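Novice: how does the following fold in three dimensions:
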Amino acid sequence: MQPVPHTVNALLLRTDFTDDAAWTALCEAVRQPSEDGFQALLDCVDDPAYDGLTVEELVGLAAGSDRSFAFLVDRTTLTDPERPVLVVDLSDEPGRTFRVIPREMWGVENNLSLANMDYKDFAESVDPDGVFRGFSEG
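Specialist: Presented below is the predicted three-dimensional model:
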């Protein structure tokens, strides 16, 4: 089965500018295809205007847009060994968040962008620490 293409890329917004190398490595990691060839379609936004942007500010900026979610790269993302990216709901429950590890971003991005799944499907499937590492089997 081939991945279904979609044209609107999700946003990966950098909000922490303390480690350029970690940011570059993260952008490469989140764009890596899965074993089945699925890939997150992301625009990596590296603009110092977003330095320190909060979830609340992002929700305000996104009001009235057609985006239903966005990914934020904050200090936790750049310093935690797993590089968990913050996923922000901009539609159903604006401001609701969970984190996702880079190798699982394709599934979150693809399914939310195509409306195959709802934000809550992922948010309610996180591990106890609030990080989505994939759906458990069984």
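
Novice: hang on, Glu109 in a helix?
Specialist: Yes: judged by DSSP: H, G, I helix; E, B strand; the rest coil, Glu109 forms part of a helix.

Novice: go ahead and confirm it touches Ala10.
Specialist: Yes: in this structure, Glu109 is within contact of Ala10 by CB atoms under 8 Å, at 4.9 Å. (C-beta placed from N, C-alpha, C; glycine too.)

Novice: so what's in contact with these two at the same time?
Specialist: Counting by CB atoms under 8 Å, 6 or more residues apart in numbering, the common neighbours of Glu109 and Ala10 are 40-42, 71.

Novice: how about those in TSV, adding neighbour count, distance to Ser65 and pLDDT?
Specialist: What follows is the shared contacts of Glu109 and Ala10, written out as TSV (neighbours: other CB atoms under 10 Å; distance: CB to CB, whole Å; pLDDT from 0 to 100):
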residue	neighbour count	distance to Ser65	pLDDT
Ala40	24	19	93
Leu41	16	17	92
Leu42	18	16	93
Phe71	25	15	97
